[in-house]
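Chemist: need the 3D shape of this:
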Amino acid sequence: MAWDIVLTSSSLQNRLFLLTRWRLAGIFASVVGLVCTLAGFILYHTIAHTGLAALDRELESVASTLHDSLEPSLDYPNRVKPDAQKILPSLCTDGIGCLTRTVASKSHSTSIFDQSNYYLRLLNNSGSLVAVAGFHPTGLPILLEQDTWQILQDRDGRRYRQISLSLHPNQNLLWGYIQVGRSLEDFDRSLAYLRLILLAGIPIGIIAIGASAWWFSGVTIQPIYSSYLKMRQFTADAAHELRTPIATIQATMENKSQIEPWSEQEIENALTTIERQNNRLSRLVEDLLLLSRMENPAKTLHKQQALVMKLSSCNLNELVSDVVEGFSILKIAATLKLTADIRVRQALYAIGDEEHLGRLISNLVSNAMQYTPPGGRVTLVLDRHEHYAIIQVVDTGIGIASEHQARIFDRFYRVNSDRSRQSGGTGLGLAIAQAIVQAHHGSIQVQSELGRGSTFTVRLPLN
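Modeler: Sure, this is the predicted structure:
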């Protein structure tokens with residue numbers, strides 16, 4: 001039942017982070033997609049407006065030139081003088097009949113009027129067609145409107161841009177109107193191509209952005225998710241470790257409270273048990289605080305809680321000898337052969353905190369002694385390789401299986417779940433050792449084989 005609850009909780013948390021990833025990717029893709037769509041809309045209308053404005057300027061220039069050139073060649077009523085033919089050789093003055101005739105060849109085009117793109121109409125003041133010139137589209141309506149600019153469509157749906165200007169040969173009397181227009185087919189084709197690019201490109205871009213957002217949100221959320229898993233595992237392990245001494249104290253008090261009166265021996269035993277478990281709790285809390293301060297020195301909330309590293313030049317030869325001497329007087333050392341093997345003639349010095357370096361070596365030696373059976377050997381080696389001091393703890397203990405070696409430095413990790421607890425350890429010794437090594441810019445590795453022992457190797461930069 002408990003395992004099912006753990007699995008259910010883990011599954012819910014996985015779905016929560018997956019949902020968060022989807023939300024991040026969706027929000028990012030939506031915002032960027034909206035920006036791209038808006039940018040595409042603005043781009044399209046900007047190009048359309050700019051292109052049409054350029055066509056209008058060109059059309060207005062041509063119309064103004066034709067207006068000024070043809071206006072002196074007009075006569076009343078609704079007559080066009082022969083001089084107009086010199087300006088526009090293709091000018092047809094037969095009114096509506098001109099629309100049924102073949103347009104003059106392109107060889108007659110002049111420098112001011114490209115007849116393959118433009119058409120010209122002369123209308124009287126009542127809107128009737130008087131003359132035409134240039135290219136004339138089929139089925140284009142003849143309209144006389146107040147607006148100077150118009151957009152017209154022929155029978156096939158092709159659009160034309162047209163400008164209308166009034167004609168006053170005698171200045172005061174209105175003769176009629178000149179209408180000059182050109183086809184928008186090339187312009188519309190360019191806009192259609194641009195629309196196709198935007199309509200196809202924006203969705204493809206949004207899909208690509210969505211995929212990138214999914215990947216990016218995964219990369220972003222992965223450290224958070226990993227930290228969360230570590231925090232959850234750490235909380236569970238810490239609660240499990242704290243529960244054992246607390247449960248022992250509680251059981252002791254409950255058992256003794258049922259016996260009245262207490263004898264002096266029972267009181268002494270109860271106090272001894274409580275003291276032992278209290279010491280274990282104290283060591284566990286101290287170890288946790290030490291790990292927290294060493295792993296996150298910049299994130300400590302209060303300066304008084306920050307870890308103070310008393311850096312100095314540490315004599316590693318003396319440190320190794322002191323650790324071996326200190327362990328030699330312990331009871332457990334009587335069943336083992338603990339020796340120091342200093343392989344350098346000159347003293348090795350490293351910049352660091354002597355207290356922490358001593359604890360590093362002590363944790364490794366203590367770990368080796370705990371898991372080495374009686375009659376075994378534990379050797380503390382000090383050597384040098386280039387600019388590094390090499391500290392090795394070699395034992396002939398039970399060894400560590402290869403599948404456990406990658407996690408041996410994790411907090412509370414045990415190859416056998418009750419092994420460290422039975423030996424009185426907190427399960428944090430190797431984690432603290434690794435944190436101390438990293439704080440001193442060194443490295444730590446383990447090599448082990450089941451039944452043949454283990455070798456922990458520490459590399460520390462020399463002074």
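Chemist: please count neighbours and contacts with C-alpha atoms only from this point.
Modeler: OK.
Chemist: next, give phi and psi for Q447.
Modeler: Dihedral pair for Q447: phi -130, psi 130, per degrees, to the nearest 10.
Chemist: next: the one 10 residues further on.
Modeler: Dihedral angles phi and psi of T457 (degrees, to the nearest 10) take the values phi -120, psi 130.
Chemist: I figured it hits I444, correct?
Modeler: Yes: if you go by CA atoms under 8 Å, T457 and I444 touch, sitting 5.6 Å apart.
Chemist: quick check: G376 vs N170, distance?
Modeler: Per CA to CA, to the nearest Å, G376 is found 127 Å from N170.
Chemist: now P245: closest residue in space that isn't a chain neighbour?
Modeler: Once flanking residues are discounted, P245 sits nearest to Q277: 5.0 Å by CA to CA, 6 or more residues apart in numbering.
Chemist: tally of neighbours for the one you found?
Modeler: By other CA atoms under 10 Å, the residues close to Q277 number 20.
Chemist: helix, strand, or coil at it?
Modeler: helix (DSSP: H, G, I helix; E, B strand; the rest coil).
Chemist: OK, contacts around R182?
Modeler: Going by CA atoms under 8 Å, 6 or more residues apart in numbering, R182 touches 59, 117-119, 160-162.
Chemist: go on, I207?
Modeler: I207 is in contact with no residue at all, counting by CA under 8 Å, 6+ apart.
Chemist: which element is it on?
Modeler: According to DSSP states H and E, I207 maps onto helix 185-257.
Chemist: quick one: distance of that helix to the chain centre.
Modeler: In this view, helix 185-257 has its centroid 11 Å away from the chain centroid, taken as CA atoms, centre = their mean, to the nearest Å.
Chemist: the helices in the protein, which residues?
Modeler: 2-70, 83-87, 185-257, 264-295, 316-328, 354-370, 402-405, 419-422, 429-439 (DSSP state H).
Chemist: lowest average pLDDT across those helices?
Modeler: Mean pLDDT is lowest for helix 419-422 out of the helices of the chain, coming in at a mean of 48.
Chemist: can you show me the CA trace of stretch 118-126 as CSV?
Modeler: This file holds the C-alpha atoms of stretch 118-126, laid out as CSV (Å, rounded to 0.1, in the frame of the first residue of the first chain):
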residue,chain,number,x,y,z
TYR,A,118,-1.0,51.9,-69.9
TYR,A,119,-4.3,52.9,-71.5
LEU,A,120,-5.7,56.4,-72.1
ARG,A,121,-9.3,57.6,-72.4
LEU,A,122,-10.6,61.0,-73.4
LEU,A,123,-14.2,61.6,-72.1
ASN,A,124,-16.4,64.6,-72.8
ASN,A,125,-18.0,66.4,-69.9
SER,A,126,-21.0,64.1,-70.1
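Chemist: who's in contact with that stretch?
Modeler: 78, 129-136, 174-183.
Chemist: can you select the buried ones from the residues you listed in PyMOL?
Modeler: Buried residues among the contacts of stretch 118-126 (16 or more other CA atoms under 10 Å), as a PyMOL selection:
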select buried, resi 78+129+130+131+132+133+134+135+136+175+176+177+178+179+180+181+182+183
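Chemist: mind listing which of the contacts of stretch 118-126 are in strands?
Modeler: Judged by DSSP state E, strands contain the following of these: 129-134, 176-183.
Chemist: how about those residues in TSV, adding pLDDT?
Modeler: Listed next are the ones in strands among the contacts of stretch 118-126 as TSV, based on pLDDT from 0 to 100:
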residue	pLDDT
L129	87
V130	87
A131	87
V132	87
A133	86
G134	82
G176	88
Y177	90
I178	90
Q179	91
V180	92
G181	91
R182	91
S183	90
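Chemist: re earlier: what's the angle between the helix holding I207 and helix 2-70?
Modeler: Interaxial angle, helix 185-257 versus helix 2-70 (axes from the mean of the first three to the mean of the last three CA atoms, to 10 degrees): 160 degrees.
Chemist: would you check which pair of the ones in strands among the contacts of stretch 118-126 lies furthest apart?
Modeler: For the ones in strands among the contacts of stretch 118-126, the farthest-apart pair by CA to CA is G176 and S183; their separation is 23.3 Å.
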